[in-house]
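[1] This is a predicted model, with the sequence first.
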Amino acid sequence: IQSGSAQRLLGVETETACLGVSTAFTQEMRDKLVASRPGIWDSELGAVQIETKTPPVDLVSKGGLHRLRVEVLAEDAMLRTELARAGAVQMRLGSNPLAALDDSIRSRGILRYQIVPDFHARFRSVPSVTGLWGAHPRVVGAFSSIQYNLDCSSAEEAIQLINHAFITGPYAVALSANARFLAGQDT
């Protein structure tokens, strides 16, 4: 954040995999929960993933970072409560180590989740990759993640910010990633 900036809006999205406690958590259960919070919760590529969103918060204003933290924790608590009512829990492992990496992991009935992973599978640049890394791009549906959406005032500023992310991103992943096992294999 540059000093003297008038405003710097940031929003957070979390994609959380859900797991049934005594019975399987299904896409139908996920869809019902998503429908209960329109515009705040959304479906994701993974059939059992729920995306939560915070409203944009001005980080430059006094207490901005604290407000963002409060928003993230409030959505997380709401999701935890609603999942408990549905007999499920959040899975914060990075990846579901037991998920079958076949087409069943992908959300059904949502066109973009059919088109985009299939496009990437057809046009990937490294066709010789094998094993888990050669898996169909739909395997992203087995992962939980967090994303930050930072408001930019111009394309030049967006490029500058993404270049900073390329520098700091690998460190953030190394410090926080927890997706070692996938489909029972050590990644």
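    Looks like it arrived, so ask away. Computed from a prediction, not measured in an experiment: that's the story for all the values here. Numbers count the residues shown, from 1 in each chain.

[2] residue ranges of the helices in this protein, please?
    In the chain, the helices defined using DSSP state H lie at 27-35, 64-85, 112-123, 155-176.

[3] Could you check those helices and tell me which one is nearest residue 21?
    Ranking the helices of the chain by their distance to residue 21 (criterion: C-beta to C-beta) puts helix 64-85 first, at 8.6 Å. No exception for glycine: its C-beta is placed from N, CA and C like everyone else's.

[4] Identify the residues contacting that closest one?
    Defining contact as C-beta atoms under 8 Å, 6 or more residues apart in numbering, one finds that helix 64-85 is touched by 8, 10, 12, 14, 16, 18, 33, 36-37, 40-41, 50, 52-55, 57-59, 89-90.

[5] Can you point out the buried residues in the longest strand seen in the chain?
    Taking DSSP state E as the assignment, the strand of the chain that covers the most residues is strand 9-20. By 16 or more other C-beta atoms under 10 Å, the buried positions in strand 9-20 come out as 10, 11, 12, 13, 14, 15, 16, 17, 18, 19.

[6] Of those, which pair is most distant in space?
    10 and 19 (29.2 Å).

[7] In contact with residue 99, which residues?
    Residues counted as contacts of residue 99 (C-beta under 8 Å, 6+ apart) are 105, 141, 142, 182, 183.

[8] again, 7 Å this time
    For residue 99, the set of contacting residues under the criterion of C-beta atoms under 7 Å, 6 or more residues apart in numbering consists of 105, 142, 183.

[9] nearest residue to the first one other than its sequence neighbours?
    Nearest non-adjacent residue to residue 105, counting by C-beta to C-beta, 6 or more residues apart in numbering: residue 141, 4.5 Å away.

[10] thinking that neighbour is in contact with residue 104, fair?
    No. Between residue 141 and residue 104 no contact is recorded; they are 9.5 Å apart, counting by C-beta atoms under 7 Å.

[11] These two - which one has more neighbours?
    The residue with the greater number of neighbours, taking residue 141 and residue 104 and applying other C-beta atoms under 10 Å, is residue 141; the counts read 24 against 12.

[12] Now for the nearest residue to residue 158 once chain neighbours are set aside, how many residues are close by?
    The spatial neighbour of residue 158 that comes closest, neighbours along the chain excluded (C-beta to C-beta, 6+ apart), is residue 152 at 4.2 Å. In terms of burial, residue 152 registers 14 neighbours under the definition other C-beta under 10 Å.

[13] same check, this time on residue 168
    Considering only other C-beta under 10 Å, residue 168 is surrounded by 9 other residues.

[14] Against residue 64, how distant is it?
    Remark: distance between residue 168 and residue 64 (C-beta to C-beta, to the nearest Å) = 20 Å.
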